[in-house]
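K.L.:
Any chance you can model this:
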Amino acid sequence: MFKRFVLKFITIFFALSPSTILTAQGITTPRAPSPAAIVVQTIGISTVSVTYSRPSVKNREVWGALVPYGWNVQAFGAGNSAPWRAGANENTVIKFSHDATVEGKRVPAGSYGLFFVINKDNTGEVIFSKDYRSWGSFFYNPTQDLLRANIQLRTIPQTELLTYDFINTTKTSAELVLNWEKKQFPVKIEFAVDDIVMTNAAEELKGPVGFNWQGFSTAANYALQNNTNLDTALTWINKAIAQNNSFATLSIKSAILAKMNKADEADKAMKDALTKATEVEINLYGYQLLNQGNTDKAIEILILNTQRFPNSPNVWDSLGEGYATKGDKKNAIANFKKSLSMNPPENVKANSEKFLKQLGAL
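P.N.:
You can find the predicted model right below:
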C-alpha cells in the first residue's frame, strides 16, 4: 500500500510541467554576480537616488565589446535599437524628489529608467525613459524617452565594480557620475533650491510648524540669508513678532528691511530690538558687525553693552577686541585691563591676556 502511494506521488510530481514547478516562491538569496546597490544624494532639501546592479570588469574588454558603441541592435534580444542599461539586470532607476534640471533640461519629479550611449570618440548620451519598470534594455522604447542629452566622457583610474557616485556638489547642484573600467559618465543635476525651500516652507507653515513663532522666524531668516522672496519673508517675520516680540525676531526684521533698501525702517526695528536684547545677544551683534567690516558701528554696540552690563568682564573684553580691530591700541589695552581687573572666567582672562601680549602691554 505504502509503495503504491509513493509511486503515485512520484508519478504526479514529475508529470507537473516545469512552469508549474517554477512558479513556487523561492527564498531570498544574495544576487550574483552583479549585486544590487543604491546611492542617494541630498541637494538643498531635494534628493536624487540611483538604484542599480553592479557588474565587474573581470578582465573583460568592456567598451566596444561587452558594452557596444552607439545604439545596439542585436545584443539585447528583441531586435530593437537600444542604448546601454547603465548597469546590469533590471533597469537602472533614477528618482527625483522634486523637479530638477538635468544637463540644462527640465525633469519633473519622479522615477526614470537611466540609460547611456558611449561612442568611440569618448562622447556619449544620457537618456531618461518614463518606462522605468522594464528589464534592462530588452523592452526599450524611444517613444518613452523624457530626456536625451549629450555628455563628454572622462578617463579615470581603473574601477573594477561599476559604481555610481555624486561629485562636485554645491548648494544647488551635483554631478552624478557612473564610473566603470576607465570611463566616467558625468551628468549635471540642478535644483532651484531657494524656490523649493520657500514653497515647502509655505506648505509647512500651514501645519503644526505654523503654530509657533520659530517656524515663521526660521522661514523668514532663510529668505534673508539667501536674499530671496523678501516680501514674503517680511510677512513671515511680522507673524513671528506677533507671537514673540524679541531681539531674535526684530533683528531679522531689521535685516530684511535693510536688504529691501528701507534704511529708516530697518534702523527703527534694530533700535527696538536692542532694547530687548540680552548681554549675549548684544555681544553677538557687535561681533557680527565686526565680521562685516563695520567697525565703528560694532564699537558703538559694544559700548552699549558695557553701559547695560557694566559688571560683566566679558563685555569689556569684547570692547577691547573692537578697538584692537580698529587699530586703536590705547583704548584696546584699557578695556582688556578693565576686564582682567574684574576676576574674569578663564576663557575671558585668556583672551584678554592674549591680546595684551600681542599689543605689547603684558
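K.L.:
how about the longest strand along the chain: buried residues?
P.N.:
When the chain is parsed with DSSP state E, its longest strand is strand 173-190. Across strand 173-190, burial judged by 16 or more other Cβ atoms under 10 Å covers 173-181, 183-190. Where you see a C-beta, it was placed from the backbone N, CA and C, and this is true even at glycine.
K.L.:
ok, the residue nearest the centre of the chain - contacts?
P.N.:
Residue closest to the mean C-alpha point of the chain, counted by Cα atoms, centre = their mean, is I43 at 2.9 Å. By Cβ atoms under 8 Å, 6 or more residues apart in numbering, I43 lies in contact with 169, 172-174, 189-191, 193.
K.L.:
same thing with E125?
P.N.:
E125 neighbours (Cβ under 8 Å, 6+ apart): 83, 116-117, 148-151.
K.L.:
Can you turn the buried part of those into a PyMOL selection?
P.N.:
Only the buried members of these end up in this PyMOL selection, burial being decided by 16+ other Cβ under 10 Å:
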select buried, resi 83+116+117+148+151
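K.L.:
Of the contacts of E125, just say which sits nearest to G104.
P.N.:
A149 (7.3 Å; Cβ to Cβ).
K.L.:
From F115, how far off is the closest one?
P.N.:
According to Cβ to Cβ, to the nearest Å, A149 and F115 sit 12 Å apart.
K.L.:
so what's in contact with these two at the same time?
P.N.:
Shared contacts of A149 and F115 (Cβ under 8 Å, 6+ apart): V126.
K.L.:
what does the longest strand of the chain contact?
P.N.:
Strand 173-190 has contacts (Cβ under 8 Å, 6+ apart) with 41, 43, 48, 50, 55, 57, 62-63, 86, 94, 100-104, 116, 118, 122, 124, 126, 149, 151-159, 161-168, 172, 191.
K.L.:
Only the buried members of those: can you turn that into a PyMOL selection?
P.N.:
The PyMOL selection below is limited to those of the contacts of strand 173-190 classed as buried (16+ other Cβ under 10 Å):
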select buried, resi 41+43+48+50+55+57+62+63+86+94+100+102+103+116+118+124+126+151+153+159+162+164+166+172+191
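K.L.:
Please consider this matter closed, and thank you.
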